[in-house]
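>>> heads up, no residue letters with this:
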């Protein structure tokens, strides 16, 4: 291989043009995924049976669920893990919200950063040389060069207050030196500076602790781009919303996991039933074939029919075995485990057969209290209600109280008294500043209002409509949940009745099979083998129906726990936030101690007001 130039080896070119793909932080942790092939019906490997109960299954799943899956997304064309990974729920979402800094997604720390003191400082040196055209302005002979040296230093510390106001303290020095003599100047070089404090407090729009906690400090641009949802309270509510959404995803994960667990249990039951049916078909074929070989049977047509029946049963058993592998792989996926680790999961828990009778009132109350969807919507309503208050505040005009005070300084030298010349009180600039003889102040009001205030009223109206929608949605959610729970009650009742019927059917068909088999063994000439096959098939169908109804009944119980919001409690799972910072704990304790010593107010009521009643008139009068 050659380029237009010096010849280079093909190996070098291939190495230089390779793309180096980055490895993830855990790139080496999944090598074991490739050690074993997936299970198939023709696999000859004798894998170890892993007896797994539901509690251990849930524990493994939660320990491997940094990324939260759900059962419906696997193999879907729009699987979000592959198509849109940023939208996938994860255990990191509450922390991501807590550490957010963007508008509308700020966490508490980012909201509190608005109140961080801001320190700024700058220093600038300069020198300028300029030929003088006349002697009138500065006293230098015409044609001489005016040389000026300047230095400007500023330092400011500004703090945003919880009331919406701001206070700043500034200190500055300006140095100016030139080759102009004395006179006309008092000093050829001089330091001029000041120490000043400024205070601004909104009195109408954007003023007050409540507004600042909800919407954050008011912007200089009253319309802004961030709305009224940037305060500490709204940021904390957003964190609670993220926690509620995370809890909802955990509920869904556990629900899907339990469904897959019982699906795998049913797959094993179905395979056992189909395997027995296959063995019975094989036994019948062998019995009739031996009779034909001994010239005691009806002929080869029946043997061919029994052989076909055996092949059908064998195919059904293979399909049932493949269903075990498919269900086990799906369960492994949800548990975050590799495709194959040399073991085959087999559920060890037996399904519930006892009748489960929940109480309607208690279940409905638990659902309204524990369902994360309800809690999330209530937090959303609380957030919109607070935003409505802040938006109503922004419909007021902007009226700010402004004030400032400064002490000026002037001197030949910055720190020490100058030697020679005119000294006195102006030898040291800092000495003159600390004497405090030259001061200045300002005090006043600033008023501004957009004529018509259409933006403010539009914002208020929009939030009010969103609040009305959120309240209506909460009512609909409660209605929806009540119907969901009602459906689970019907499913539980129907599932238990179906399970009882299917079990009785198994008992009857089992007796029928024994009688039919006994009749055929006693007199094969009167009772044909077809009656035995039909009895076998009826028993197989009855056992499959019972296994399916048993699974459906347990799925109804699992769905009941999910719909009533008790799925975490039933599985002994608790979601807990991290501990408070030490400073926050100390601050809360201090505020608590202050409230303990507060004087009781006469306006505070701890019980409802008594209802005024009037004596009923005697109806007989």
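All right, it came through fine. As the structure is a prediction and not an experimental result, all values here were calculated from the model.

>>> residue ranges with poor pLDDT in the stretch 51-200 of the chain?
For the stretch 51-200 of the chain, applying pLDDT under 70 flags the ranges 135-139.

>>> all helices of it, in order?
54-63, 80-83, 93-98, 108-112 (DSSP state H, counting those that start in this stretch).

>>> Using JSON lines, lay out those helices together with distance to residue 289 and mean neighbour count.
C-beta coordinates here come from the backbone N, C-alpha and C atoms, glycine included. Shown next, in JSON lines, are those (distance: least, Cβ to Cβ, whole Å; neighbours: other Cβ atoms under 10 Å):
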{"stretch": "helix 54-63", "distance to residue 289": "45", "mean neighbour count": "16"}
{"stretch": "helix 80-83", "distance to residue 289": "53", "mean neighbour count": "13"}
{"stretch": "helix 93-98", "distance to residue 289": "65", "mean neighbour count": "18"}
{"stretch": "helix 108-112", "distance to residue 289": "80", "mean neighbour count": "17"}
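
>>> so who does the residue lying closest to residue 173 once chain neighbours are set aside touch?
Of all residues not flanking residue 173 in the chain, residue 193 sits nearest, at 3.7 Å (Cβ to Cβ, 6 or more residues apart in numbering). The contact partners of residue 193, by Cβ atoms under 8 Å, 6 or more residues apart in numbering, come to 171, 172, 173, 174, 408, 409, 429, 433.

>>> Ranking by neighbours, what's the top pick from those?
Tallying neighbours with other Cβ atoms under 10 Å puts residue 409 at the head of the contacts of residue 193, with 26 neighbours.

>>> can you pull up the bridge partners for it?
Taking DSSP bridges as the rule, residue 409 bridges to residue 193.

>>> What distance do you get for it to residue 531?
Separation of residue 409 from residue 531 (Cβ to Cβ, to the nearest Å): 118 Å.

>>> what do you get for residue 265?
According to Cβ to Cβ, residue 265 stands 33 Å off from residue 531.

>>> What of residue 437?
124 Å.

>>> Could you do residue 385 as well?
75 Å.

>>> Looking at residue 265 and residue 531, which has the bigger crowd around it?
When residue 265 and residue 531 are compared for neighbours, residue 265 comes out ahead with 22 against 15, by other Cβ under 10 Å.

>>> Ramachandran coordinates for the nearest residue to the more buried one once chain neighbours are set aside?
Spatial nearest neighbour of residue 265, chain neighbours left out: residue 347 (4.2 Å); criterion: Cβ to Cβ, 6+ apart. Main-chain torsions, residue 347, degrees, to the nearest 10: phi -60, psi 130.

>>> Check the one 4 residues further on too.
Residue 351 has phi and psi values of phi -70, psi 160 when expressed as degrees, to the nearest 10.

>>> Residue 593: what secondary structure?
Assigned state for residue 593: helix (three-state reduction, DSSP: H, G, I helix; E, B strand; the rest coil).

>>> longest single strand anywhere in the protein?
Longest strand in the chain, counting residues (DSSP state E): strand 145-160.

>>> Would you mark the buried spots in stretch 530-544?
532, 533, 535, 536, 537, 538, 539, 540, 542, 543, 544 (16 or more other Cβ atoms under 10 Å).
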